[in-house]
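Participant: sequence unknown, structure follows:
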């Protein structure tokens, strides 16, 4: 069982008291897997179980507040579920986020179909411009959401260019590869047909969706923006975990461009560059192989 510092424990219990109404206390805390950025615990309290996420407040300023805003943007579409937020706070150098605990169940055919239907419905929520009201995070790296009128400009200037610049500064890539990306920027607008901006999750790999024990799909850990919906679908292919039933259901609700699968590697250049910047040159070959298909 995890033991928290007294100040952190008191701050968490204070947030629970303010937002749940009853005097509440932590009975037990059990670590659960939560990736490389946050420490994650399942809390047992008198009011039930909750998920607690902790991270370094100085290294990741406002990360949890921005996550809450992303969850709220998805929730407001009234399409696919997200966990309820109990509250956030800071204790010492630790930020915390307290969320509804979702008991998970099997990823059945019906559940995957519902996931596809509901993601397509979420993507039917448009905006005037590509971008978002605030910058946020993709993984542990800051993500710029400055607004643009086209996906071509947004994907180039707010997604690829910052990651390429970071990788070059870290000596992960050379000038030749930088030049190859410049070629891509020039060609990008001719590789697809522009669409209206759609609310996208932004980090839709298999670890960022859940199926509850009742078969209800949930999205977690968003990196939202109003973007090109193919981006979300491309990311579902990066590490697997989405069935054919999911894609078929999506297409029934909001059909994609006929050649969308030809661009999976194009849109995945962004998460691959992000992984290159986070974890080093083990991802370099994937970046090069994806890029050469489009220049």
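Facilitator: Received the coordinates, thanks. Every value quoted in this text rests on a predicted model; they were computed, and no experiment measured them. Numbering: from 1, shown residues only.

Participant: show me where the protein has strands.
Facilitator: 26-32, 39-45, 48-56, 85-91, 94-100, 136-138, 141-143, 198-200, 209-211, 217-219, 225-227 (DSSP state E).

Participant: now render the ones you listed as CSV, adding distance to residue 258 and mean neighbour count.
Facilitator: All C-beta spots, glycine's among them, are computed from the backbone N, C-alpha and C. Shown next, in CSV, are the strands of the chain (distance: least, CB to CB, whole Å; neighbours: other CB atoms under 10 Å):
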stretch, distance to residue 258, mean neighbour count
strand 26-32, 41, 14
strand 39-45, 41, 18
strand 48-56, 40, 19
strand 85-91, 39, 18
strand 94-100, 39, 21
strand 136-138, 29, 21
strand 141-143, 30, 17
strand 198-200, 18, 25
strand 209-211, 26, 21
strand 217-219, 26, 22
strand 225-227, 20, 27
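
Participant: any chance of the ones you listed in TSV, plus distance to residue 120 and mean pLDDT?
Facilitator: Formatted as TSV, the strands of the chain follow (distance: least, CB to CB, whole Å; pLDDT from 0 to 100):
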stretch	distance to residue 120	mean pLDDT
strand 26-32	30	91
strand 39-45	29	93
strand 48-56	27	94
strand 85-91	25	95
strand 94-100	24	96
strand 136-138	22	98
strand 141-143	24	97
strand 198-200	10	98
strand 209-211	14	97
strand 217-219	12	98
strand 225-227	15	98
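
Participant: out of these, which gets nearest to residue 290?
Facilitator: strand 136-138 (17.1 Å; CB to CB).

Participant: which other helices and strands contact the closest one?
Facilitator: helix 63-76, strand 141-143, helix 269-279 (3 or more CB pairs under 8 Å, 6 or more residues apart in numbering; DSSP states H and E).

Participant: ok, and what's touching stretch 127-145?
Facilitator: Residues from elsewhere that reach stretch 127-145, judged by CB atoms under 8 Å, 6 or more residues apart in numbering: 36-37, 59-60, 63, 66-67, 69-70, 73, 146-151, 153-154, 158, 162, 166, 196-197, 199, 202-203, 223-228, 270-271, 274, 277-278.

Participant: please redo it, this time with the cut-off set to 7 Å
Facilitator: Residues outside stretch 127-145 that contact it (CB atoms under 7 Å, 6 or more residues apart in numbering): 37, 60, 63, 66, 69-70, 146-151, 154, 158, 162, 197, 202-203, 223-227, 274, 277-278.

Participant: likewise for stretch 147-162?
Facilitator: With CB under 7 Å, 6+ apart, stretch 147-162 has contacts from 129-131, 144-146, 181, 185, 188-189, 194, 227-228, 269-270.

Participant: ends of that stretch, what's the gap?
Facilitator: In stretch 147-162, first residue to last residue: 15 Å (CA to CA, to the nearest Å).

Participant: begin at 88 from here
Facilitator: In the new numbering, first residue 88, that becomes stretch 234-249.

Participant: just to revisit the earlier point, relative to residue 98, which of the strands of the chain is closest?
Facilitator: strand 172-178 (4.2 Å).

Participant: neighbouring strands for that closest one, and are they parallel or not?
Facilitator: Sheet pairing here is set by DSSP bridges, and for strand 172-178 it gives strand 181-187 (antiparallel).
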